[in-house]
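[1] Here you go, sequence then predicted model.
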Amino acid sequence: MVEHSNTRCDILLFGALGDLARRKLFPALYHLERAGLLAAGSRILALARSQTTTREVRERLFSQLRQHVKDRDFDPEIAEAFLGRVEYCVLDFSDPQGYHALREWRDEPNNELIVYMATPPSMYGVIARNLKATDCCNERTRVVVEKPIGHDLESSRVINDELGEVYRENQLFRIDHYLGKETVQNLIALRFANNLFASQWDQNHISHVEITVAESVGIEGRWGYFDQAGQIRDMIQNHLLQLLCLIAMDPPADLSADSIRDEKVKVLKALKQISPDMMDQYVVRGQYTAGTSDGKPVPGYLQEEGANRGSATETFVALKAEIDNWRWSGVPFYIRTGKRLPEKLSQIIIHFKPAPHYIFDPDQQHLANNKLIIRLQPDEGMALKILTKEQGLDKGMRLRQGPLELTFSETFEADRIPDAYERLLWEVMKGNQYLFVRRDEVEYAWRWVDRIIGNWKDRGEPPKRYAAGTWGPVASIAMITRDGRSWYEDA
Ligand code: BG6
């Protein structure tokens, strides 16, 4: 079913001059315009503290769009038309008086109202209260908030309570932008539209699962934020656990938001807590030192601009997660993510168990398990590694492992893969919450991650070092080889 929306939306964009708005939100809205998905009459009110004007903001956005939208997708006329929808308003977010201007701007009360808080989470409660106090929102308003929701379970509860005082859960759209990636949604299609996999998706057939989200970039001027968070809060608590949930969840009854989220929550609840005595075997934390990236020398984490030289914040985490339920008992999920790794690469590898009885040459027995490789980025696609016979009269029944390959850009050549934020903004406009995170998901994820962070604190050990441009501390390799396995690096 191809989707269209004629819903006219008024978008209040808090933090409109910030990094997220510049790099992701405005380009995504531009693409929606280009695709004809912004209904006539939809408007955007850009809100920030800077004393500037609508004209200046439009000019600035024009050149930023030029920079962030690929040349082949950039059309100056469409950009002008899109920017015609944007107005700017100076606002001190904590001053209720200023909010009256927002109500006046809303000259068409029937337009859906979307509030996008591209601000630090500490502002969410203040903005929500001020919008309510000045009658700028109602029970139909949709509110979009960004991760991180807090820095632990307790602080996330405070933020969610503050939002909950003004909005019902079905008005809240908590973003985890990984859920907006086409290939991440493809996990749902792969698993639940292909019975071939459905019948193989459990501990009887799968030996283990690997999830890698590697980045080659370092901290990129975000030291202040990142040093408070570290890789476990920045990536594991949200993106990696969401991927794990999509791989591990039971089939939902339908595609509705709550059916999907109920199943994800069951996985999070079943995650085995990592106790202090398991830490050595189950978790590795690392921090990069000077090394190379793309062949050029780069500084270590502690030498980055603005760095606190004594920081013990981790830029890499590898861990072994176990899910205590019927489907996954005994199947480890090896997860790793880090900054300044050799390349940008997100992939999931499903390792299937070998056939129960092996009849080929003994020296090839190690080849005898199928792997499903799901490449989330770059080169989005999938490959199923299967075994065939080597060709040639002299080869007997020698085996060879080769892929059944699906690379989306080659197979579906004409289709542009939209950015995650395009999909997510579009779903907000349609009022569909299935790609957004429910409060209980956030809280169960924190509960699991808090335990690990607590164990780190108690042990007081610094992170293990790894040189920029390598795959993390050697301890991460040792963690998986202890189980007789290895990371799949056939990128
Ligand atoms: C963000 C993190 O949520 O995701 C960043 O805060 C990280 O630290 C980014 O770089 C990675 O996203 P993507 O889409 O580039 O894989």
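    Arrived safely.
[2] List the buried residues in stretch 149-163.
    Neighbour-count burial for stretch 149-163, with 16 or more other CB atoms under 10 Å as criterion, is recorded at 149, 150, 151, 152, 153, 156, 157, 159, 160, 162, 163. Yep, even glycine has a C-beta here, placed from its N, CA and C like the rest.
[3] What is the nearest of those residues to residue 211?
    Out of these, the one with the shortest distance to residue 211 is residue 149. That distance is 21.5 Å, counting by CB to CB.
[4] Pretty sure that closest one sits in a helix.
    No - per DSSP: H, G, I helix; E, B strand; the rest coil, residue 149 lies outside any helix segment and is coil.
[5] Not counting its neighbours along the chain, what's nearest residue 268?
    Spatially, and ignoring its direct neighbours in sequence, residue 268 is nearest to residue 444 (3.7 Å; CB to CB, 6 or more residues apart in numbering).
[6] ok, now how distant is the one you found from residue 156?
    When CB to CB, to the nearest Å is applied, the distance between residue 444 and residue 156 equals 11 Å.
[7] go on, residue 483?
    With distances defined as CB to CB, the gap from residue 483 to residue 156 amounts to 32 Å.
[8] Equivalent analysis for residue 281, please.
    Using CB to CB, one obtains 28 Å as the distance from residue 281 to residue 156.
[9] circling back to that earlier point, and the helix or strand where the residue nearest to residue 268 lies, how far from the chain's centre?
    Under the criterion of DSSP states H and E, residue 444 resides in helix 439-459. In terms of CA atoms, centre = their mean, to the nearest Å, the gap separating the centre of helix 439-459 from the centre of its chain is 18 Å.
[10] now do stretch 152-165
    Once both centres are worked out by CA atoms, centre = their mean, stretch 152-165 turns out to sit 21 Å from its chain's centre.
[11] Going forward, count from 29.
    Got it, the first residue is 29 from now on, which makes the last one we talked about stretch 180-193.
[12] can you count the residues close to the residue nearest to residue 296?
    The tally of other residues near residue 472 (other CB atoms under 10 Å) stands at 22.
[13] Could I get the full set of strands for the stretch 279-428 of the chain?
    Shown for the stretch 279-428 of the chain, the strands assigned by DSSP state E, counting those that start in this stretch span residues 311-317, 319-321, 324-326, 344-349, 361-366, 373-380, 399-405, 409-417, 427-435.
[14] The last one packs against which elements?
    With contacts defined as 3 or more CB pairs under 8 Å, 6 or more residues apart in numbering; DSSP states H and E, the packing partners of strand 427-435 are strand 409-417.
[15] Show me what the strand it packs on is packed up against.
    Here strand 409-417 touches helix 210-221, strand 399-405, strand 427-435, helix 436-439, going by 3+ CB pairs under 8 Å, 6+ apart.
[16] Just the buried positions in it, please.
    Neighbour count says strand 409-417 has 409, 410, 411, 412, 413, 415 buried, by 16+ other CB under 10 Å.
[17] from the middle of its chain, how far away would the lowest-mean-pLDDT helix or strand in the chain be?
    Between all helices and strands in the chain, the lowest mean by mean pLDDT, DSSP states H and E belongs to helix 436-439, at a mean of 76. Averaging C-alpha coordinates over helix 436-439 and over its chain gives two centres that are 22 Å apart (CA atoms, centre = their mean).
[18] Quick one: closest of the strands of the stretch 279-428 of the chain to residue 299.
    Comparing the strands of the stretch 279-428 of the chain under CB to CB, the one sitting nearest is strand 344-349, at 6.1 Å.
[19] Grab the CA positions of that closest one and hand them over as PDB.
    Presented in PDB, the C-alpha positions along strand 344-349 are these (Å, rounded to 0.1, in the frame of the first residue of the first chain):
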ATOM      1  CA  PHE A 344      34.100   1.200  22.700                       C
ATOM      2  CA  VAL A 345      31.900  -1.500  24.200                       C
ATOM      3  CA  ALA A 346      31.800  -5.200  23.400                       C
ATOM      4  CA  LEU A 347      29.500  -7.500  25.300                       C
ATOM      5  CA  LYS A 348      27.800 -10.800  25.400                       C
ATOM      6  CA  ALA A 349      24.000 -10.500  26.000                       C
END
